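*Asks:* How does the following fold in three dimensions:
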Amino acid sequence: MDRVKAGVKGMDRMLKGGLPRGRTFLVSGSSGCGKTIFASQFIREGIKSGEPCLYVTFEQGKKRLMQDLKEIGIDFGEAEKSGKLTLVGGPVGHVKFFKDRTRANMFDISKEIREIIEESGAKRVVLDSVNLFTMLFETDSDRRKALAELTSTLDALDCTTVLTCEVPEGSKGISWYGFEEFVVDGVIVLHRIPFENMYERAVSIVKMRGIGHSESIRALKIRDDGITVYPDLEPFHKASGKKAQ
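*Replies:* Numbering: from 1, shown residues only. Here you go, the predicted structure:
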């Protein structure tokens, strides 16, 4: 199976070669786990490898997102100017206002995303975040149908896609509504676990259709230059005297 690099140091080793090309993946975790950073590194890797990319943000405005990413050394300005990256979206409240005003439905939104992908030729796509996307719909049934329609659209266009997903703080689940993980090809969970007087960060691969992968929870660090995964290091390394460098 053809693979693409995840763009996060150490992650490809856990994936035993990288993410399967043309599939859709959920990157989930509670607030502050690094989901947007992970997704942005995935997009940066695509730009480096010459793949046109699309980043759809519902979390914040484009300008603020780009400012925040610059703080960890990810500058999307040149890529956007050159056409290698298409960055669209804005706070979900604005999108919901537009949807309600125009009475757009799930098929209209998927169609709009399809048109952007076809125009830009994007092969890597990020939707940040999917639970904010599903909030645009009134019932769980409509939310699930909308997500299924969206993933079907992305699969048909042969896009390798990362959907970030917020998980309620303290929840044992791996998604917001409890169905998101069933309509994607793989799930990567970012953990933030209390340990002594700090939070320990870790990552695990819950599912990945079609490939073998690590089934261990491994240490993860977020520093000024982004996320690094340590495939050989268990979390709670302080207890054993080991330290992620």
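*Asks:* quick one: buried residues of the top helix by length along the chain?
*Replies:* Counting residues, the longest helix in the chain under DSSP state H turns out to be helix 140-156. Within helix 140-156, the residues scored as buried using 16 or more other CB atoms under 10 Å are 143-147, 149-151, 153-154. No exception for glycine: its C-beta is placed from N, CA and C like everyone else's.
*Asks:* Could you export that helix as PDB, CA atoms only?
*Replies:* The C-alpha trace of helix 140-156 is given here as PDB (Å, rounded to 0.1, in the frame of the first residue of the first chain):
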ATOM      1  CA  ASP A 140     -26.900  13.100  15.500                       C
ATOM      2  CA  SER A 141     -28.400  11.400  12.400                       C
ATOM      3  CA  ASP A 142     -27.700  14.500  10.300                       C
ATOM      4  CA  ARG A 143     -24.200  14.900  11.700                       C
ATOM      5  CA  ARG A 144     -23.300  11.300  11.000                       C
ATOM      6  CA  LYS A 145     -24.700  11.500   7.400                       C
ATOM      7  CA  ALA A 146     -22.900  14.800   6.900                       C
ATOM      8  CA  LEU A 147     -19.600  13.300   8.000                       C
ATOM      9  CA  ALA A 148     -20.100  10.200   5.900                       C
ATOM     10  CA  GLU A 149     -20.900  12.400   2.900                       C
ATOM     11  CA  LEU A 150     -17.800  14.400   3.500                       C
ATOM     12  CA  THR A 151     -15.400  11.400   3.900                       C
ATOM     13  CA  SER A 152     -17.000   9.800   0.800                       C
ATOM     14  CA  THR A 153     -16.300  13.000  -1.200                       C
ATOM     15  CA  LEU A 154     -12.700  13.100   0.000                       C
ATOM     16  CA  ASP A 155     -12.100   9.400  -0.700                       C
ATOM     17  CA  ALA A 156     -13.500   9.800  -4.300                       C
END
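*Asks:* about what we covered before: would you mind putting the buried residues of helix 140-156 into a markdown table with distance to Gln41 and pLDDT alongside?
*Replies:* Formatted as a markdown table, these follow (distance: CB to CB, whole Å; pLDDT from 0 to 100):
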| residue | distance to Gln41 | pLDDT |
| --- | --- | --- |
| Arg143 | 28 | 90 |
| Arg144 | 29 | 92 |
| Lys145 | 31 | 91 |
| Ala146 | 27 | 89 |
| Leu147 | 24 | 92 |
| Glu149 | 28 | 91 |
| Leu150 | 22 | 91 |
| Thr151 | 22 | 93 |
| Thr153 | 24 | 92 |
| Leu154 | 19 | 93 |
